[in-house]
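In: Pasting the sequence and the predicted coordinates here, then a few questions.
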Amino acid sequence: MSHYEKNMWNLYIENKLDRKQQEELEHHLYSCPQCVDDYMDMLEHVTLPTIEAPEQWTDEVMAQLPPKQQIKQSTKKNQLLLHYTIAAAATIVLMVSGIFQGVVDTEIQGPNDMLAKQEQPISEKLLEKISIVSLKEGKE
């Protein structure tokens, strides 16, 4: 198996190769442990650029950004008014439809009245019918 020279890996790291050569080197890394070691050695010697004054750098980047568009105060008021109008309309529709009345009735009745209003479960009704039928059969 042929191996690539360390200077080739250095060119790869510095992104100075064309796309085809980069792909060849990448595919070669998958199959060659020795070249992986060479590549890792070259990575250890790479020096990253340092930012000497990070505060100034941040200010420069922020200065390059486009200015933030300010929303007019009247637009915010109009949106707020629209939201309140929609909420009021929804409340009126729910009141007219009787949705809130069911909630009020439930709260006024209390838990005991609700238990009395509940219908007997079907299983209990069936058991009662079965016991009545068996009692009638037993008397005959």
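Out: Alright, I've got the coordinates. Residues are numbered from 1 along each chain as shown.

In: my read: residue 36 touches residue 29, true?
Out: Yes. Counting by Cβ atoms under 8 Å, residue 29 is a contact partner of residue 36 at 5.6 Å. No exception for glycine: its C-beta is placed from N, CA and C like everyone else's.

In: Which neighbours do those two have in common?
Out: Common neighbours of residue 36 and residue 29, using Cβ atoms under 8 Å, 6 or more residues apart in numbering, do not exist here.

In: before we move on, which element is the residue nearest the centre of the chain in?
Out: Ranked by distance to the mean C-alpha position of the chain (Cα atoms, centre = their mean), the top residue is residue 83 at 25.5 Å. Element membership for residue 83 (DSSP states H and E) is helix 73-97.

In: Quick one: mean pLDDT for that helix?
Out: The predicted model assigns helix 73-97 a mean pLDDT of 86.

In: Stretch 44-55 too?
Out: Mean predicted lDDT for stretch 44-55 stands at 74.

In: How about stretch 122-140?
Out: 65.

In: repeat for stretch 3-16
Out: Rounded mean pLDDT across stretch 3-16 is 86.

In: If anything else comes up later, I'll come back, but that's it for now.
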